[in-house]
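Asker: Model the following, please.
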Amino acid sequence: MADIQTLKDIANRLRIYSIESTSAANSGHPTSCMSAADIMAVLFHHEMRYDVSIPRGANNDRFILSKGHAAPVLYAAWHVAGHPGITHDDLLQLRKLGHKLEGHPTPRLDFVDVATGSLGQGLSVAAGMAYTGKHFDKSDYRVYCMMGDGESAEGSVWEACAFAGHYHLNNLVAIFDVNRLGQSDPAALQHDTEAYQKRMISFGWNAIVVDGHDIAAIVAAFENARACTDKPTALIAKTYKGYAHDNAAEGISDQLNWHGKPLGARGEEIIAKIKAATSNLEAFVQPQKPTGTLSENQPAAINLSSPPSYGADEKVATRVAYGTAIKKLGENSDRVVAMDGDTKNSTFAITFQKAFPERFIECFIAEQNLVGVAIGCGCRKRTIPFVSTFAAFFSRAFDQIRMGAISQANIKLCGSHAGCSIGEDGPSQMALEDLAMFRTIPTATVFYPSDPVSMERAVELAANTEGIVFIRSSRPALPLIYKDMKEEFAVGKGKVIRSSDKDQVTVVGAGVTTTEAIKAHDTLAADGINIRVVDIFCLKPIDKALLLESARATNNKVISIEDHYVEGGVGSAVAEALSEEPDITMKMLAVDRVPSSGPGAVIMKEHGISADVLVAEIRKLLA
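Answerer: Next comes the predicted model:
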């Protein structure tokens, strides 16, 4: 245990390093680091239990710096704690091209679980970690999340507060660094710490107001949090931006217009004052080791507990098959968990919940938090989270998904009720932009199964594919396309499902439109017109070789048909894959405007993605 003076000296070291590194970079946020330095000193050298030599060890306490712009104080904290890969020279390479210490934390560093900097997201991830620790790992590790007061204006913060309060996550501590000042103006509540406290209490938290520059008070507050056994704790720390003890940063502390700016000529003067007020410039306390006995999870293949089993004439919605598949995965691995946003009886995640209620998390109608919790659950390979809601609603969480890619997140997202084929519910429920959204995510794999057999295999592949995976499911009951239950599927591979040596055009479908393409094939075949039908199955990475081979075999004529807006969907993916190939003629059939309510089949015809419309377009193309 550290004494108060030693912790104060460590806090001063953190301030010095934060000023030095941002001055060397000539950019960064030293004042945001300075307000947090005392809390960070207590956290890393008194409160948290972790093994510095194994930063992501399964038994370590977790820390998320949600106010990611204060990255220099995080890097300094690990340096002072003795991390062998973070030297003082490294701190002076902050933000330099090619160096590991970036402007905001990313998991390129072994002590960072998730990327932060897009504000308001850290608490959801921390809540996912805490839920995992309490309910899945059943371990004693604790989770700490430091936020800025400015980011507490984000709705996602309060989604996370509601979630953590509801589930009584007493192993979670949220720290609000209430330094009063935002980027361009004071934060809305400024130093009204009582207002923060009342809000947190109303969300079911143990809420403690503390002087964020009083080391002894911070130590006592963390002891209070550790003693609280029935709810999460919020430390509402009143701090000052740019603060240094003994008024060493006079003229900068608590002043506007210093956000995101190095201290320039004032830096050396302030460092000298801080050093003069520090008893021991080499102050150090060995972090306490964790006491848990969890083993590290090692990646292993996870297979369906049994192959798909459907009658040849059976019609099954792919959303139903999704629920069947995740249940089968759950039977083979207790690392598989599922969560939903109060749509489980529509996404069919309810099938998993009924089988494994202890591994299902209801996240309610809060999609940003839903995705954030999933990212947290998947950290350190503790679980493989499957996340479901209507595909349209994932658009609310696009920034969480985008940051998930930077975070190297391993989450599996299934969006149901895709496209206008859902019919009567109308356009607010129709996902018509989701494929475009997920295709922009650099680490994402995108599956769009066309029948229940391919859906089950897509879910199985998702479990074994590292990174973010999106699976698009459909509402209509669809006939079997793959009647061989042992049909093999692969990431990045499509299927030719109708072909001959006289095919005149290739039709590329996905999901519900693959069935429409088969209908068109049969209609045209009766008139002696042969077409090739490709079920794309995996939209990203796309099977460029199959598309090119099919195009070349069908007079370089290709038509795509999809239940999605034209921008960014199946047609766009096919066109991009073939864009460097000469002499290919391509037509895209897609939803052309905002749909209305009505029977799904009628709406599909009205928007030009039904079998009869496809037949007419093919005849026109071949005329």
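Asker: Only the buried residues of stretch 182-189, if you could.
Answerer: In terms of neighbour count (16 or more other C-beta atoms under 10 Å), stretch 182-189 has its buried residues at 182, 186-187, 189. Where you see a C-beta, it was placed from the backbone N, CA and C, and this is true even at glycine.
Asker: Quick one: end-to-end length of it, please.
Answerer: Length of stretch 182-189, first residue to last, C-alpha to C-alpha, to the nearest Å: 11 Å.
Asker: same thing with stretch 210-220?
Answerer: Span of stretch 210-220 from end to end, C-alpha to C-alpha: 9 Å.
Asker: Can you name the residues in contact with that stretch?
Answerer: With contact meaning C-beta atoms under 8 Å, 6 or more residues apart in numbering, stretch 210-220 is reached by 4, 7-8, 11, 35-36, 38-39, 41-42, 46-47, 177-179, 221, 235-240, 243, 245.
Asker: got TSV for the buried residues of stretch 182-189, with secondary structure, distance to Ala321 and pLDDT too?
Answerer: Below are those laid out as TSV (DSSP: H, G, I helix; E, B strand; the rest coil; distance: C-beta to C-beta, whole Å; pLDDT from 0 to 100):
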residue	secondary structure	distance to Ala321	pLDDT
Gly182	coil	48	96
Pro186	strand	53	97
Ala187	coil	48	97
Leu189	coil	48	98
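Asker: quick one on the thing from earlier: can you select the buried ones from the contacts of stretch 210-220 in PyMOL?
Answerer: Buried members of these, defined by 16+ other C-beta under 10 Å, are picked up in PyMOL with:
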select buried, resi 7+8+11+35+36+38+39+41+42+46+47+177+178+179+221+235+236+237+238+239+240+243+245
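Asker: mind listing which of the contacts of stretch 210-220 are in strands?
Answerer: Among those, DSSP state E puts 177-178, 235-238 in strands.
Asker: Figure out the helix or strand that the residue positioned nearest the centre of the chain lives in.
Answerer: Taking C-alpha atoms, centre = their mean, the centroid of the chain lies closest to Gly404, which sits 3.4 Å from it. Using DSSP states H and E, Gly404 maps to helix 398-406.
Asker: Which SSE is immediately downstream of that helix?
Answerer: Once helix 398-406 ends, the next helix or strand along the chain (criterion: DSSP H and E) is strand 412-416.
Asker: So which bits of stretch 92-107 are buried?
Answerer: Here stretch 92-107 shows 92-95, 101-107 as buried, counting by 16+ other C-beta under 10 Å.
Asker: again, but for stretch 368-387
Answerer: For stretch 368-387, burial by neighbour count (16+ other C-beta under 10 Å) applies to 368-380, 382-387.
Asker: Give me the subset of these lying in strands.
Answerer: 384-387.
Asker: What are the buried residues along stretch 27-35?
Answerer: Buried residues in stretch 27-35, counting neighbours by 16+ other C-beta under 10 Å, are found at 28-35.
Asker: any chance of the ones in strands among the buried residues of stretch 368-387 in JSON lines, with distance to Ser421 too?
Answerer: Below are these laid out as JSON lines (distance: C-beta to C-beta, whole Å):
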{"residue": "Ile384", "distance to Ser421": "29"}
{"residue": "Pro385", "distance to Ser421": "28"}
{"residue": "Phe386", "distance to Ser421": "23"}
{"residue": "Val387", "distance to Ser421": "22"}
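Asker: and which of the residues you listed is nearest Thr318?
Answerer: Thr318 lies nearest to Phe386 out of these, by C-beta to C-beta, at 14.6 Å.
Asker: So that closest one sits against Asn410, correct?
Answerer: No - in this structure, Phe386 is not within contact of Asn410 by C-beta atoms under 8 Å, at 11.2 Å.
Asker: can you give me the strands for the stretch 301-450 of the chain?
Answerer: 315-317, 336-340, 360-362, 384-390, 412-416, 445-447 (DSSP state E, counting those that start in this stretch).
Asker: and these as CSV, adding distance to Leu329 and mean pLDDT?
Answerer: Below are the strands of the stretch 301-450 of the chain laid out as CSV (distance: least, C-beta to C-beta, whole Å; pLDDT from 0 to 100):
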stretch, distance to Leu329, mean pLDDT
strand 315-317, 18, 98
strand 336-340, 5, 98
strand 360-362, 13, 98
strand 384-390, 8, 98
strand 412-416, 10, 98
strand 445-447, 15, 99
